[in-house]
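Trainee: Give me coordinates for this.
(one chain, ligands or ions: 1)
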Amino acid sequence: MTNILDDEQRILASCVSLTQQIDRGSVVLSSRLAAAFLNVPRHPFVPVFYRRDGERFIPWSSTDGAPEAWLAAVYADDSLITEVDDVHAEDAPSQGLTGIPTSSSTAPSLMADMLDALDVNEGDEVYEAGTGTGYNAAILSFLAGDKHVTTVDRSETLTAKAQPRLAATGFDPHVIHGDGARDFPADATYDRIIATASVRRIPPEWLTRLRPGGIMVVPIKGTLAGGMVARLTKSPDGTATGHILHTPAAFMPLRSGSQTSAQTPVVPDGPSREATLSARALDDWTFSFFAQLHMPSGVVRTYGQYDEGLHVTTLYDFTDGSTTRIDDAHGGPPTVTSTGPRDLWQPIEAAHQLWLRLNRPRREWFTIEATPTEQVVRYTAPDGRVHRWQL
Ligand SMILES: C[S@@+](CC[C@H](N)C(=O)[O-])C[C@H]1O[C@@H](n2cnc3c(N)ncnc32)[C@H](O)[C@@H]1O
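Mentor: Next comes the predicted model:
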């Protein structure tokens, strides 16, 4: 039986189908971006990825049976998880595993939206933080020319797999194993910087390495779901200014040496108050990105569904130990229980009131300004009042 991947007509048809899926969605592709998605196949970068089976992630390759379904999944407008808790799908046991995804190939329409915002021209020097599978680096290479692209991933397994796959697809960008927040070739500066992992604040090095007039596209996300993507242009004075894209994006976090991951402590039962807002409000991404602006950067959120419809959300600020639990019991009003100096739900309740008063402002109406010392998001209301938040 011939391998489905050797059928060139079929692969071409798959690339056409993917490009049409992106174009039919929220992204209107420029002819150059369409050419990139038509000419750069996705399957060489994801020979094995994980499919979900309940809580488990099961590795899936084209040779595991159902090659047609596998090919359709590769050329669907979905993200493909390739690493869970640092275990690559190619190294996973056939029965799969459970854990937290640590690498994936981003959904192509989100890639396209970010690449459109990045506005890459041939010859632009481009830096990508988060090589992952290498697929986005291949598209960047198509757009800028591979000799102008540098891509970095913290996982050596990933960079070691991505490099030969890029070469087999005809591209030879500079692939580096390192921390994308700070590992750069000496003295290198860039016309374009793109991150495909999220940060809470823009790493100062990105602001320094971007050339005046250069563009940076960066997913900004805290512990809440509704991440945002910022597009900034650097002025000659070193300030980068821009806006938030309309697209929501929940990228996995850029794991940098400087970041700590805190375990949320259990809140003991104690005096509680009635909440004015259900914690399920955070499931609405049009609100949760706004709520994030009101949360100190050290706050961690965990949540889960428990027995009999009880939904529990816990917020924890490891800087002062404040911990707040919001219990959404089925039918009853939500309750808030806190330990430590602050009730962490109160600022989110206030943020929700403000969000409603501002008539649910869309994320693309917010602007952003960043210097190495200060990063500020602003919203100018129709009455001229300017609201500002420090990242
Ligand atoms: C969504 S994936 C990237 C997708 C990739 N651009 C592609 O086309 O497949 C996010 C990647 O960021 C990487 N990452 C996380 N922290 C990093 C860091 N500090 N520096 C560089 N890469 C990092 C992860 O290992 C992961 O591969």
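Trainee: going forward, measure contacts and count neighbours with C-alpha atoms only.
Mentor: Will do.
Trainee: List, one by one, the residues from this protein near the ligand.
Mentor: Residues of the chain lying close to the ligand (C-alpha under 6 Å from any ligand atom) are 102-106, 129-136, 152-155, 178-181, 196-197, 251, 254-256.
Trainee: Endpoint to endpoint, stretch 302-310 covers what distance?
Mentor: 14 Å (C-alpha to C-alpha, to the nearest Å).
Trainee: tell me the mean pLDDT over it?
Mentor: For stretch 302-310, mean pLDDT is 79.
Trainee: cool, stretch 251-259 as well?
Mentor: Mean pLDDT, computed over stretch 251-259, is 78.
Trainee: low-scoring stretches of the stretch 151-300 of the chain, by residue?
Mentor: Applying pLDDT under 70 to the stretch 151-300 of the chain picks out residues 257-262.
Trainee: Okay, strands next: where are they in it?
Mentor: For the stretch 151-300 of the chain, strands defined by DSSP state E, counting those that start in this stretch occupy the ranges 174-177, 190-195, 210-220, 228-234, 240-244, 272-274, 299-305.
Trainee: Turn the ones you listed into a markdown table, columns for mean neighbour count.
Mentor: Output for these, formatted as a markdown table (neighbours: other C-alpha atoms under 10 Å):
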| stretch | mean neighbour count |
| --- | --- |
| strand 174-177 | 19 |
| strand 190-195 | 24 |
| strand 210-220 | 24 |
| strand 228-234 | 25 |
| strand 240-244 | 21 |
| strand 272-274 | 14 |
| strand 299-305 | 16 |
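Trainee: Are any of the residues of the chain next to the ligand buried, and if so which?
Mentor: Buried members of the residues of the chain next to the ligand, counted by 16 or more other C-alpha atoms under 10 Å: 102-106, 129-136, 152-155, 178-181, 196-197, 251, 254-255.
Trainee: rewinding a little: could you list which of the residues of the chain next to the ligand belong to helices?
Mentor: Here DSSP state H is the test, and the residues of the chain next to the ligand give 135-136 as lying in helices.
Trainee: Helices of this protein, residue ranges please.
Mentor: With DSSP H, the ranges of helices along the chain come out as 8-24, 31-39, 67-74, 108-118, 135-144, 156-168, 204-209, 285-293, 346-357.
Trainee: Out of those helices, which is the most enclosed?
Mentor: helix 135-144 (a mean of 26; mean count of other C-alpha atoms under 10 Å).
Trainee: what's next to it, contact-wise?
Mentor: Applying C-alpha atoms under 8 Å, 6 or more residues apart in numbering, the contact partners of helix 135-144 are 32-33, 36-37, 40, 42, 45, 105, 111, 120-126, 128, 131, 146-149, 151, 166, 169, 171, 173.
Trainee: again with stretch 242-252
Mentor: If you take C-alpha under 8 Å, 6+ apart as the criterion, stretch 242-252 is touched by 101-103, 110, 113, 196-198, 219, 221, 225-233, 285, 362-369.
Trainee: just how off-centre is it within its chain?
Mentor: Centroid displacement of stretch 242-252 relative to its chain, using C-alpha atoms, centre = their mean, to the nearest Å, is 8 Å.
Trainee: so how far is Gly298 from the residue nearest in space to the middle of the chain?
Mentor: Centroid-nearest residue in the chain, with C-alpha atoms, centre = their mean: Phe251, separated by 1.7 Å. Taking C-alpha to C-alpha as the measure, Phe251 falls 18 Å from Gly298.
Trainee: And for Pro59?
Mentor: 34 Å.
Trainee: neighbour-wise, which of those two wins?
Mentor: Each of Pro59 and Gly298 has its neighbours counted (other C-alpha atoms under 10 Å); Pro59 has more, 24 against 17.
Trainee: Name the nearest residue to that one, ignoring sequence neighbours.
Mentor: In space, and not counting its chain neighbours, Pro59 is closest to Tyr50: 4.4 Å by C-alpha to C-alpha, 6 or more residues apart in numbering.
Trainee: so what's that neighbour bridging to?
Mentor: According to DSSP bridges, the partner residues bridging Tyr50 are Pro59, Ile81.
Trainee: and if you look at His311?
Mentor: When bridges are called by DSSP bridges, His311 pairs up with Gln305, Asp328.
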